[in-house]
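>>> Here's my sequence, what's the structure:
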Amino acid sequence: MKGIAGAVAVLGLGLSICGGIVRAQEASPAPPAIPVIPEDQQATKEQLARLIDVMRVREQMSSMKRTMPAIVQQSFQQQLEQMKKDYPQMASMSEDQQKAMSQIMGSYMQRAMTLYSADEVIGDVTALYQKHLGRDDVEATIAFYSSPSGQHVLDMVPAVMQELLPTVMQKMQERMKPLILDMTKQMAEIATSRAGKSTQK
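Numbering: from 1, shown residues only. Sure, this is the predicted structure:
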C-alpha cells in the first residue's frame with residue numbers, strides 16, 4: 001500500500017508543477033477585448049520581422065528554453081525532498097527510485113519544451129501583432145528599442161529575469177505546498193482503497 005501511495009504522491013507532485021500556470025490563468029479574470037486594426041492600417045510582415053529582431057525575441061526564447069527545464073527540475077527535487085519529510089508514504093521509495101522519478105520528470109520537461117518551436121511561436125505572435133498593431137505603432141516601437149534607452153531595457157531583461165525567477169519559484173513552492181499535500185493525500189486514499197478492494201476479490 002505504501003508503495004502505491006508514494007508513487008501517487010510523486011505523480012501528483014509532477015502534475016501540480018505542470019498545471020500551476022494553467023490554474024493561475026483559469027483563475028484570472030478575462031482581459032478586455034483588443035481592437036482589430038483595419039487591414040489597410042496593419043503593419044506589414046517586414047515591419048513585424050524588424051520588430052521581432054530589434055526586440056531580441058528569438059534570443060529571449062532561446063534563453064528561456066535553456067533555463068526552464070533546469071528550474072523545473074530543481075523545483076521538483078526540492079518539493080520531493082520536502083514531501084519525504086511530510087508524507088509518510090514516500091518512505092517506501094528508495095533513493096534510487098526517487099532519483100529516477102526526478103530524472104524522468106526532467107527528461108519529460110525538456111521534451112515538452114520542444115513541442116512548440118520558437119519559429120511557430122514567432123509566427124503566431126507575428127499574426128497577432130499584425131492584427132492588433134498599426135504601422136505607426138510598430139515603427140514607434142522599433143524606434144524605441146533601437147535607441148540606447150531601448151537597448152538598455154533589453155540588456156536588463158536577462159539579468160532581471162535571472163534575479164526574479166528564484167523568488168517566483170520559492171513563493172510558488174511555499175504557496176502550492178498545501179494544495180499538493182491535499183491532492184496527493186486524496187489520490188493516495190483512492191489508490192489504496194481500490195488496491196484493498198482488488199485484493200479482497
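>>> tally of neighbours for the nearest residue to Arg50 once chain neighbours are set aside?
Using Cβ to Cβ, 6 or more residues apart in numbering and skipping the chain neighbours, the partner closest in space to Arg50 is Ile142 (5.7 Å). Using the backbone N, CA and C atoms, a C-beta is placed for each residue, glycine as well. The local packing of Ile142 (other Cβ atoms under 10 Å) involves 19 other residues.
>>> So for Ile142, what's the pLDDT?
With respect to pLDDT, Ile142 scores 95.
>>> Same question for the one 10 residues further on.
Per-residue confidence for His152 comes out at a pLDDT of 94.
>>> and the strand or helix carrying it, what does it pack onto?
Using DSSP states H and E, His152 sits within helix 148-200. Packing partners of helix 148-200 (3 or more Cβ pairs under 8 Å, 6 or more residues apart in numbering; DSSP states H and E): helix 2-27, helix 57-86, helix 135-146.
>>> Model confidence score at the nearest residue to Leu133 once chain neighbours are set aside, please.
Once flanking residues are discounted, Leu133 sits nearest to Ala43: 5.4 Å by Cβ to Cβ, 6+ apart. Ala43 is assigned 92 on the pLDDT scale.
>>> Now do the helix holding His152 against helix 135-146: the angle between them, please.
Angle of helix 148-200 versus helix 135-146, following axes from the mean of the first three to the mean of the last three Cα atoms, to 10 degrees, is 100 degrees.
>>> Could you verify my assumption that Glu139 touches Leu48?
No - using Cβ atoms under 8 Å, Glu139 is not in contact with Leu48; the gap is 11.0 Å.
>>> So for the two, which sits in the more crowded spot?
A direct count of neighbours by other Cβ under 10 Å for Glu139 and Leu48 places Leu48 higher, at 21 against 14.
>>> ok, the more buried one - contacts?
By Cβ atoms under 8 Å, 6 or more residues apart in numbering, the residues touching Leu48 are Thr126, Tyr129, Gln130, Leu133, Val138.
>>> let's see it at 7 Å
Thr126, Tyr129, Gln130, Val138 (Cβ atoms under 7 Å, 6 or more residues apart in numbering).
>>> No further questions, thank you.
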